[in-house]
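Enquirer: Below is the structure, and that's it, no one-letter string:
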């Protein structure tokens, strides 16, 4: 688990680790381009680390997991159980599980050679980002990719799927993940909706007008989800949904 985590942190930092080691604090007072370049690199590193959660959402499977889990909780009718902390933690660990091959490849081809001073920062950046680019290309919808590619072509940019810019691929991947998350959420909510309708029909027929149907249907929905081993089915389906 450590290597995937280090690989992802290296993706967030991009060029920060090597740059931080090369900074000569004694040269800060000298007005030269090298010192200014180091300061800009450090500023960029701090800025990237400050938006690390956003980067995690943008280039990994986290979005699909957290949307599906949130819709599941709403479909059952529970307001705060499981708690947000549990859902987010589960989404994070499932993200590390799904992205483990990508993290390992980024670590072995980019981070480790950079730490051993075998490659330059520019080469490391390319080798670290390539596995994530491949993952996003495998899971992005063609329609969403074509949307941003066409918008880029309207501005005069040349777009190739093999060498597409991350500024085009990442937003296409995000909206693809949001769509798939809602598609999975619809399938999750549907059986719970049927239970709500059945309970509402029965309570209305019995003349219990003042009793909210959701109060009666809640234990039945929880029992149904437990009997079908819902967590096992849901997690397995989500993991298999990634190519």
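Expert: Ah, there it is. No experiment lies behind these values; they were computed from the predicted model shown. Numbering: from 1, shown residues only.

Enquirer: hmm, what's the outermost residue in this protein?
Expert: Distance to the chain centre peaks in the chain at residue 207, reaching 47.4 Å (criterion: C-alpha atoms, centre = their mean).

Enquirer: in stretch 200-220, what's buried?
Expert: 203, 213, 216-218 (16 or more other C-beta atoms under 10 Å). For glycine as for every other residue, the C-beta is placed from the backbone atoms N, C-alpha and C.

Enquirer: Can you give me the first-to-last residue distance of it?
Expert: 13 Å (C-alpha to C-alpha, to the nearest Å).

Enquirer: ok, back up a step: TSV for the buried residues of stretch 200-220, including secondary structure and pLDDT?
Expert: Compiled in TSV, those are given as follows (DSSP: H, G, I helix; E, B strand; the rest coil; pLDDT from 0 to 100):
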residue	secondary structure	pLDDT
203	helix	80
213	helix	74
216	helix	79
217	helix	81
218	helix	85
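
Enquirer: Can you name the residues that contact the residue nearest to the spatial centre of the chain?
Expert: Centroid check for the chain by C-alpha atoms, centre = their mean gives residue 62 as the closest residue, at 2.8 Å. For residue 62, the contacting residues are 56, 91-92, 95, by C-beta atoms under 8 Å, 6 or more residues apart in numbering.

Enquirer: make it 10 Å
Expert: Contact analysis of residue 62 by C-beta atoms under 10 Å, 6 or more residues apart in numbering lists 53, 56, 88, 91-92, 94-96, 98-99, 177.

Enquirer: now, the most widely separated pair of the residues you listed?
Expert: Taking C-beta to C-beta, the two most distant members of the contacts of residue 62 are 53 and 98; they sit 17.5 Å apart.

Enquirer: returning to what we had before: tell me the predicted confidence for the residue farthest from the centre of the chain.
Expert: pLDDT recorded at residue 207 is 76.

Enquirer: mind putting the buried residues of stretch 200-220 in CSV, distance to residue 79 included?
Expert: Output for the buried residues of stretch 200-220, formatted as CSV (distance: C-beta to C-beta, whole Å):
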residue, distance to residue 79
203, 21
213, 17
216, 17
217, 15
218, 11
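
Enquirer: circling back to that earlier point, who's more crowded, residue 53 and residue 98?
Expert: A count of neighbours by other C-beta atoms under 10 Å puts residue 98 above the other of residue 53 and residue 98, at 19 against 11.

Enquirer: number of nearby residues for the spatially closest residue to the more buried one that is not a sequence neighbour?
Expert: Leaving out its chain neighbours, the residue that sits closest to residue 98 by C-beta to C-beta, 6 or more residues apart in numbering is residue 61, at 4.7 Å. Around residue 61 there are 24 other residues, counting by other C-beta under 10 Å.

Enquirer: Contacts only, for residue 61.
Expert: Neighbours of residue 61 in contact, by C-beta under 10 Å, 6+ apart: 91, 94-99, 102, 135, 139, 177, 180, 238-239, 241-242.

Enquirer: Could you check how far it is from residue 129?
Expert: Per C-beta to C-beta, to the nearest Å, residue 61 is found 17 Å from residue 129.

Enquirer: sorry, back to before: now, among the buried residues of stretch 200-220, which is nearest to residue 191?
Expert: Residue 191 lies nearest to residue 217 out of these, by C-beta to C-beta, at 11.6 Å.
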